[in-house]
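Participant: Need coordinates for the below:
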Amino acid sequence: MSKTKTTPKGKAPVVQPDKSKRKFVIFGLGGLGAAAIGAAGYNAGWFGGATPATPAVSPTPNLATGKPLPPVALEANYQNALRAADEFVAHFARELNNPSAIIHCVRAFGKNFKLHDGTLAVDYVCSRFAAEKEVNGKRYVYFQREAEVHQNSFLKTFLEAGVSPDQPITVGNNRYTLRDLGESAKALFRFDPQNFDRFEQSLLGQHLPWGLIAFSILVAPAQPTWTNAYGETINLSDMIDKTLNVYEGMCAEIHDTVAHGEMESLVFRQAIAKYSCAGMHNVYSYFSCLKHGYKANNLQKRLNNLLDNVLLRLKGDSMAIDREAEAAKADPTLVNRLAVEGQGGKIASRGAAPPNTLEVMRYRFQIRMLGHALEAINYALLHKLFTLTPVQKSRLQAGEQLLYEYLVKLRATDMQPHMFWHSKSVSDMVIAVAHAARAMKLLTPQNPDTVA
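Facilitator: As a prediction, this is how the structure comes out:
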């Protein structure tokens, strides 16, 4: 029998794998074969994963040039993959000119990235998308959810990119600073350790990772508690421990499946699909906590195991995405459904979908998973959080080569028809490729966090 651990209200229980039934779960599923498992998982929504819609924010100046990015055929190696990623992100982010794409250029290139008109991306975001909120008689600044998508995602990006604490943030005639934004984030953040979703729906998978990164930078581990604007005590060490416990339980099967050459189960794929970018932001956030001195509750050992888990997923997730992509080909309604994905049922596309749409989707999900995973791993290696074994190094190198191959395939693809048909799909691709670009730079002099 599988054993179920109690988890906070609103969260799925953590199921401990029953190895005697492992192959039934992975291969059988009541008689389903691999293709059927892929179809079942895809139909449950896990082919696309948890990808929020490109937000509808206040109108922004149309700085697009309308010029295409001509496809280029490149050999799949590090230098060409980095070139492919940088060219793709810089071109399409400037053309799209939405806050999600622009903030990811800060992620990929650093705080000095500029738009077509020469405006710094940081200044552009800080002057257009902030808002104010009053709680118990005190006013706080934050970024509109419609712009930043994930709570505290702009804050943590600015902090990691080394943006000055004195960076101006304006809301109408009121002026704040990045320092004020950090204090406001702490004041507005709410967390119930017994019910993660009490104050924020899908907190663990859609919002917490960015907060953990920001708070691990702003809050010293020697004093991990603070009182928020609502008079509630927030304990960062306790929050790390309890949320990591849930994430560990969800990912536990990887050491019983992928490590033995078996496919990831449908149960895991459905669970991880509820997390933004296959849960890799969560991995990065816990690494950030360790880097900034949080070590209570045996965190070092637990994250050693999580690192190994992610290295296994480089192959396991990639195989699952291919399986799901093949299953998606059998769904004639998929491309039409993309036109209204996340848009409240409103048609968001123009004309017919390009013939290669499904293959481009596969590129995006592969790059998204590999890029985010390698970003977390390289961040950990940059800060010497772990020492890789020879086997782990081999897995890492294989994952890197996979990423190079998908990036050059993307760069060899004409994306202009996709920009015309459904620009959101290109915006999602920019986000995925930006994380891949940063992953490839972190261990080099091009590290965007160290740009002067």
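
Participant: Show me the strands in the chain, by range?
Facilitator: Assigned by DSSP state E, the chain shows strands spanning 3-5, 14-16, 130-135, 138-143, 168-171, 174-177, 225-227, 233-235.

Participant: Show the average pLDDT along the second one.
Facilitator: Over the span of strand 14-16, the pLDDT mean works out to 41.

Participant: and what of the fifth one?
Facilitator: Strand 168-171 shows a mean pLDDT of 98 in the predicted model.

Participant: do the third one as well
Facilitator: Rounded to a whole number, the mean pLDDT of strand 130-135 is 98.

Participant: Report the buried residues of it.
Facilitator: Ala130 (16 or more other Cβ atoms under 10 Å). Just so you know, the C-beta spots here come from the backbone N, C-alpha and C atoms, and that holds for glycine as well.

Participant: how far is it from where the chain is centred?
Facilitator: The chain centre lies 26 Å from the centre of strand 130-135; the measure is Cα atoms, centre = their mean, to the nearest Å.

Participant: Show me the shaky parts of this structure.
Facilitator: Scanning the chain for pLDDT under 70 picks out 1-63, 338-348.

Participant: nearest residue to the residue nearest the centre of it other than its sequence neighbours?
Facilitator: Closest residue to the average C-alpha location of the chain: Cys277 at 4.1 Å, with Cα atoms, centre = their mean. Leaving aside its sequence neighbours, Cys277 sits nearest to His372 (Cβ to Cβ, 6 or more residues apart in numbering; 4.8 Å).

Participant: That neighbour: what's it in contact with?
Facilitator: When contacts are counted by Cβ atoms under 8 Å, 6 or more residues apart in numbering, His372 touches 277-278, 280-281, 284, 432, 435, 439.

Participant: In helices, which of the residues you listed fall?
Facilitator: Those of the contacts of His372 mapping onto helices are 280-281, 284, 432, 435, 439, per DSSP state H.

Participant: With respect to Ala376, which of those is nearest?
Facilitator: Distance to Ala376 across these (Cβ to Cβ) is lowest for Tyr284, with 4.0 Å.

Participant: ok, now how distant is the residue nearest to the closest one when sequence neighbours are not counted from His260?
Facilitator: Excluding the flanking residues, the one nearest Tyr284 by Cβ to Cβ, 6+ apart is Ala376, at 4.0 Å. Distance, Ala376 to His260, using Cβ to Cβ, to the nearest Å: 24 Å.

Participant: show me where the stretch 1-150 of the chain has helices.
Facilitator: Remark: helices assigned in the stretch 1-150 of the chain by DSSP state H, counting those that start in this stretch are 22-23, 34-41, 78-96, 99-109, 121-128, 145-148.

Participant: Nearest to Ala273 among those helices would be which one?
Facilitator: When the helices of the stretch 1-150 of the chain are ranked by proximity to Ala273, the top entry is helix 34-41, at 7.9 Å, counting by Cβ to Cβ.

Participant: Tally up the residues packed near Thr296, please.
Facilitator: Heads up, residue 296 is Ala, not Thr. 14 (other Cβ atoms under 10 Å).

Participant: any idea how far it lies from Lys274?
Facilitator: Ala296 sits 27 Å away from Lys274, taking Cβ to Cβ as the criterion.

Participant: ok, and the closest non-adjacent residue to Cys235?
Facilitator: Heads up, residue 235 is Asn, not Cys. Using Cβ to Cβ, 6+ apart and skipping the chain neighbours, the partner closest in space to Asn235 is Thr225 (4.8 Å).

Participant: hang on, isn't that neighbour packed against Phe215?
Facilitator: No: contact criterion Cβ atoms under 8 Å: Thr225 and Phe215 do not qualify, at 11.0 Å.

Participant: Which neighbours do those two have in common?
Facilitator: Residues touching both Thr225 and Phe215 comprise Leu236, with contact defined as Cβ under 8 Å, 6+ apart.

Participant: quick one: which of the two has more around it?
Facilitator: Phe215 (28 against 11).
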